[in-house]
Structures are given as structure tokens and as C-alpha cells.
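Asks: give me coordinates for this.
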Amino acid sequence: MTTDQLSATFAALADPTRRAILARLATGEASVNELAEPFPVSLQAISKHLKVLERAGLISRSKTAQWRPCRLEAAPLGDVADWVERYRRFWEGGFDRMEQHLAALQKDHEEN
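Replies: The predicted structure follows:
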């Protein structure tokens with residue numbers, strides 16, 4: 001994944017409405033009306049959110065007769081997970097060092 005694509009994915013994920021839309025699509029395809037239902041915003045606002053998600057490659061839309069279902073495209077999320085994974089090892093190393101430090105403090109406290 002290119003940095004620009006990763007930036008587009010993170011930008012799309014930055015909005016809670018778009019994250020909620022992705023969570024809904026994780027359960028299956030849905031129409032724009034179905035996606036808009038739980039939100040107190042216009043269909044036009046939901047359509048704008050869908051365009052951002054589509055540009056980021058997080059959703060796709062197909063056309064079946066009059067119905068244009070949206071579907072989750074998970075590949076960009078996998079790329080984000082891969083990117084975050086590199087930093088997880090760093091965080092875990094920090095937590096391991098903190099755990100060792102706390103254990104040493106506990107030991108010192110018990111000895112005194």
C-alpha cells in the first residue's frame with residue numbers, strides 16, 4: 001500500500017460516522033437508505049461519506065436493477081493493520097520494560 005493510499009484510509013477512518021458505516025457493512029451489503037437510517041443527517045451527507053469511503057477503497061458499490069448496494073472492501077483495513085503491527089511490537093516492548101520495572105519496585109518494597 002502506498003503512503004498516499006494509507007493516508008486516504010486513515011483520513012476516511014477518522015470520522016465516527018464513516019467508522020459506523022463500515023461497522024454496519026461488516027454485517028453485509030446495504031443500500032444508502034439503510035446506511036443512513038441510524039444517523040440524524042441527510043441522505044446527501046451520507047452520500048458524501050460514502051464517496052470518501054469509496055475513494056479510500058474501503059467500500060464498493062454495484063448496481064443491481066434499481067438497487068445500488070454498498071459492500072465493505074477490507075483490503076485497505078488489512079494494510080492499516082499491517083502498518084500498526086510494526087508499532088505494536090514497540091508498544092509491547094515498552095510494556096514489558098514497565099512490567100519489569102514495577103516488579104523490581106515491588107520486590108524492593110517487600111524487602112524494606
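
Asks: low pLDDT regions in this protein?
Replies: 1-3, 65 (pLDDT under 70).

Asks: please, where are all the helices along it?
Replies: 3-13, 16-25, 32-36, 43-55, 75-111 (DSSP state H).

Asks: helices or strands up against the second one?
Replies: Read that as helix 16-25. helix 3-13, helix 32-36, helix 43-55, strand 59-61, strand 70-72 (3 or more Cβ pairs under 8 Å, 6 or more residues apart in numbering; DSSP states H and E). C-beta: built from backbone N, CA, C; applies to glycine.

Asks: what about 6 Å?
Replies: helix 43-55 (3 or more Cβ pairs under 6 Å, 6 or more residues apart in numbering; DSSP states H and E).

Asks: residues in contact with the helix it packs on: which ones?
Replies: The contact list for helix 43-55, computed with Cβ atoms under 6 Å, 6 or more residues apart in numbering, reads A12, T17, R18, L35, A36, I59.

Asks: identify the farthest-apart pair in the residues you listed.
Replies: With Cβ to Cβ as the measure, no two of those lie farther apart than A12 and A36, at 17.3 Å.

Asks: any idea which of the helices of the chain gets closest to K63?
Replies: helix 32-36 (12.3 Å).

Asks: what sits up against that closest one?
Replies: Residues outside helix 32-36 that contact it (Cβ under 6 Å, 6+ apart): I21, L43, I46.

Asks: buried ones among those residues?
Replies: Among the contacts of helix 32-36, those classed as buried by 16 or more other Cβ atoms under 10 Å are I21, I46.

Asks: many thanks, have a good one.
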